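Peer 1: Sequence and predicted model, in that order:
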Amino acid sequence: MAKVTMAKALNNGLRAAMEADPKVLVMGEDVGKLGGVFRITDGLQKDFGEQRVLDTPLAESGIIGTAVGLAIRGFRPVCEIQFDGFVFPGFDQIVSQLAKLRFRSQGRVPMPVVVRIPFGGGIGAVEHHSESPESLFAHVAGLKVVACGNPVDAYWMIQQAIECDDPVLFFEPKRRYWEKAELDVSAQPPPLFTSRVLRAGGDVTLAGYGPMVRVCLEAADAAAADGHELEVIDLRTLSPLDLDPVYDSVRRTGRLVVVSEAPSEASVTSEVAARVQQDCFYSLEAPVLRVTGFDTPYPPSKCEDDYLPDLDRVLDAVDRSLAW
């Protein structure tokens, strides 16, 4: 099996979905001729034509609104938002229309729209290019929210999201676009809205998603050198959360550290912590700890290394949990 980057895995996944269903369209700013700012859609317009890979105006509300209309007519649009911070001009369309139409029609009008959002920091970008707004959308009823953490998941999850009849916000960790993994396109992927245990361990449970999955795995490697076995869980789906693997793990380890780049206030990590406390209270040997970004706007790029959760901050939380 050849190794592919996450960017190439997403490109291949989009290509496979478009080959399988002529109703799948790709649309966004510079996704056609340029192939997207991260080249995720590179070559798709050349192979599928301008009627299926559409370059749009710089208007996120127009992109989402057009996708809603296309979905009503039976198409499966995949919208690219160039950067996480650019999603907010389309926020009203996503929350007020996209999230509600299937429910409002009692299921008679599917909304198979995928909104791809490169998210997170770590690339030295300017303001509005390194945000983590996933918790805002996970709070909105009617939306599905997922985050891939590696090239293999990226390949399968984008296809599964396109097949879903509900709107899916698809978060892609942009600083992981160039990381490689072996991809077996003949494998059987896990269901879309499920978490996965990536590494078994009996001392502390580490749960993360998107760009933090790699950090959690690196923390597990480092902790093993000190004789501690960390169980690492990739949440993958943020709405609906699939916490059964987390519950099972916490009932064995008695400890949980949840990791995310997003600010901690009213976040996905808050929800995970609350529900684990609710369902695993008598199994906990220490409070659920969180390692997150800070409750400030994302800083200038020269300060992002101090803002982003890193190996040291995760290991510090693990030590505090074990010392409780």
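Peer 2: Nice, thanks for sending it over.

Peer 1: So residue 178: helix, strand or coil?
Peer 2: Of the three states, residue 178 takes coil under DSSP: H, G, I helix; E, B strand; the rest coil.

Peer 1: any idea how far the spatially closest residue to it that is not a sequence neighbour lies from residue 119?
Peer 2: Leaving aside its sequence neighbours, residue 178 sits nearest to residue 5 (Cβ to Cβ, 6 or more residues apart in numbering; 5.3 Å). Where you see a C-beta, it was placed from the backbone N, CA and C, and this is true even at glycine. Distance, residue 5 to residue 119, by Cβ to Cβ, to the nearest Å: 17 Å.

Peer 1: neighbour-wise, which of the two wins?
Peer 2: residue 119 (28 against 17; other Cβ atoms under 10 Å).

Peer 1: Just list the residues touching that one, thanks.
Peer 2: When contacts are counted by Cβ atoms under 8 Å, 6 or more residues apart in numbering, residue 119 is found next to 84, 131-134, 147, 171-174, 210.

Peer 1: which non-adjacent residue is nearest it?
Peer 2: In space, residue 119 is closest to residue 84, 4.1 Å off (Cβ to Cβ, 6+ apart).

Peer 1: Was I right to think the one you found contacts residue 116?
Peer 2: No. Residue 84 is beyond contact range of residue 116, at 10.8 Å (criterion: Cβ atoms under 8 Å).

Peer 1: Walking through this structure, point out its strands one by one.
Peer 2: 3-5, 24-28, 53-55, 76-80, 114-119, 144-147, 168-173, 180-182, 196-199, 204-208, 230-234, 237-239, 256-263, 289-293 (DSSP state E).

Peer 1: list the helices and strands the third one packs on?
Peer 2: Using 3 or more Cβ pairs under 8 Å, 6 or more residues apart in numbering; DSSP states H and E as the contact definition, the elements that strand 53-55 packs against are strand 24-28, helix 44-48.

Peer 1: Now mean pLDDT and mean neighbour count too, for these, in CSV please.
Peer 2: Formatted as CSV, the helices and strands packed on strand 53-55 follow (pLDDT from 0 to 100; neighbours: other Cβ atoms under 10 Å):
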stretch, mean pLDDT, mean neighbour count
strand 24-28, 98, 23
helix 44-48, 98, 17
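
Peer 1: And the ones you listed: which comes nearest residue 293?
Peer 2: strand 24-28 (26.1 Å; Cβ to Cβ).

Peer 1: which residues are in contact with the closest one?
Peer 2: Residues contacting strand 24-28 (Cβ under 8 Å, 6+ apart): 14, 17-18, 36, 41, 44, 48, 52-56, 63, 66-67, 70, 75-82, 116, 162.

Peer 1: Quick check: neighbours of that strand in the sheet, parallel or antiparallel?
Peer 2: strand 53-55 (parallel), strand 76-80 (parallel) (DSSP bridges).

Peer 1: what is the orientation angle of that strand with strand 114-119?
Peer 2: Angle between the axes of strand 24-28 and strand 114-119 is 40 degrees (criterion: axes from the mean of the first three to the mean of the last three Cα atoms, to 10 degrees).

Peer 1: From the chain's centre, how far out is strand 24-28? Work that out for me.
Peer 2: Computed by Cα atoms, centre = their mean, to the nearest Å, the separation of strand 24-28 from the middle of its chain amounts to 19 Å.

Peer 1: Can I get it as PDB, trimmed to CA atoms?
Peer 2: C-alpha atoms of strand 24-28 as PDB (Å, rounded to 0.1, in the frame of the first residue of the first chain):
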ATOM      1  CA  VAL A  24     -22.300  15.100  -6.100                       C
ATOM      2  CA  LEU A  25     -21.100  18.600  -6.700                       C
ATOM      3  CA  VAL A  26     -18.100  20.500  -5.300                       C
ATOM      4  CA  MET A  27     -18.300  24.200  -4.900                       C
ATOM      5  CA  GLY A  28     -16.400  27.000  -3.200                       C
END
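
Peer 1: How much space separates the residue nearest to residue 119 from residue 106?
Peer 2: Look at residue 84 and residue 106: by Cβ to Cβ, they are 33 Å apart.

Peer 1: These two: who's more crowded?
Peer 2: Neighbour count, other Cβ under 10 Å: between residue 84 and residue 106, residue 84 has more, with 24 against 7.

Peer 1: pLDDT value on the more buried one, please?
Peer 2: We have a pLDDT of 97 for residue 84.

Peer 1: residue contacts, it?
Peer 2: Residue 84 neighbours (Cβ under 8 Å, 6+ apart): 117-120, 128-133.

Peer 1: give the contact list for the residue nearest in space to the middle of the chain.
Peer 2: Centroid-nearest residue in the chain, with Cα atoms, centre = their mean: residue 147, separated by 1.5 Å. Residue 147 makes contact with 119, 134, 170-173, 209-210, 235-236, 238, according to Cβ under 8 Å, 6+ apart.

Peer 1: Name the nearest of those relative to residue 10.
Peer 2: residue 172 (6.7 Å).

Peer 1: Count the neighbours of the closest residue to the closest one other than its chain neighbours for me.
Peer 2: Leaving aside its chain neighbours, residue 172 sits nearest to residue 118 (5.0 Å; criterion: Cβ to Cβ, 6+ apart). For residue 118, the number of neighbouring residues by other Cβ under 10 Å comes to 26.
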